[in-house]
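[1] model this:
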Amino acid sequence: MNAVELAALLTKLKLDHGLMSPAKALEWARAKATELGDPPYFLIEMLRMKKPSARQLSAALDDALGGVDPAPGVRALLGGLCAPLSRNPRLLDKLCAVLARIGDELGPSPPEDLRQLDRFELRLEALAAGRPAAGDSRERVLADLLALLGRFREVLRGTA
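    The predicted structure is shown next:
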């Protein structure tokens, strides 16, 4: 997978999970098209859309990426979530829900490093139900999630 495909996959994941607005996706497409000079068709297609929805932009990216392994994009997404969560711990519930959905999308046999992405949401649910594991707390879940996300920060290079 080349850097443009990885960046497109990352953008698609962000759109699919409500982590990027259509306006930001178009901004990315515009910048990438300018940078490349001779952009791939999917970027031109995205830029021709008039007030597209996230779903429309995601479909254009999906057409371009058909059959590409999502794991590299998921790793880049995880690395990119570390800094926002560090700055704003109130994102914990939202990001745990996003990770659980991504884990489901990866199917029954994801790569080893992407297994059990749903465990953070399960821990929050146990806390909310008053039956946490011994020593568990929101702060512990946050710290564990930040540790996981931090392992993926290096993947971000080349996806901007």
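[2] could you list the domains of this structure?
    3-65, 71-156 (automatic domain parsing).
[3] for the protein, longest helix please?
    In the chain, ranked by residue count with DSSP state H as the criterion, the top helix is helix 71-87.
[4] tell me the mean pLDDT over the helix or strand just after that one?
    For helix 71-87, the succeeding helix or strand toward the C-terminus, using DSSP states H and E, is helix 92-105. Confidence over helix 92-105 (mean pLDDT, whole number) is 95.
[5] CA atoms of helix 92-105 as PDB?
    Taking only C-alpha atoms (Å, rounded to 0.1, in the frame of the first residue of the first chain), the coordinates of helix 92-105 have been written out as PDB:
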ATOM      1  CA  LEU A  92     -13.000   8.300  26.300                       C
ATOM      2  CA  ASP A  93     -16.500   7.000  25.800                       C
ATOM      3  CA  LYS A  94     -16.800   8.000  22.200                       C
ATOM      4  CA  LEU A  95     -13.400   6.600  21.200                       C
ATOM      5  CA  CYS A  96     -14.100   3.300  23.100                       C
ATOM      6  CA  ALA A  97     -17.300   3.000  21.100                       C
ATOM      7  CA  VAL A  98     -15.400   3.700  17.800                       C
ATOM      8  CA  LEU A  99     -12.800   1.100  18.700                       C
ATOM      9  CA  ALA A 100     -15.500  -1.500  19.400                       C
ATOM     10  CA  ARG A 101     -17.100  -0.800  16.000                       C
ATOM     11  CA  ILE A 102     -13.800  -1.000  14.200                       C
ATOM     12  CA  GLY A 103     -13.000  -4.300  16.000                       C
ATOM     13  CA  ASP A 104     -16.300  -5.700  14.700                       C
ATOM     14  CA  GLU A 105     -15.500  -4.500  11.200                       C
END
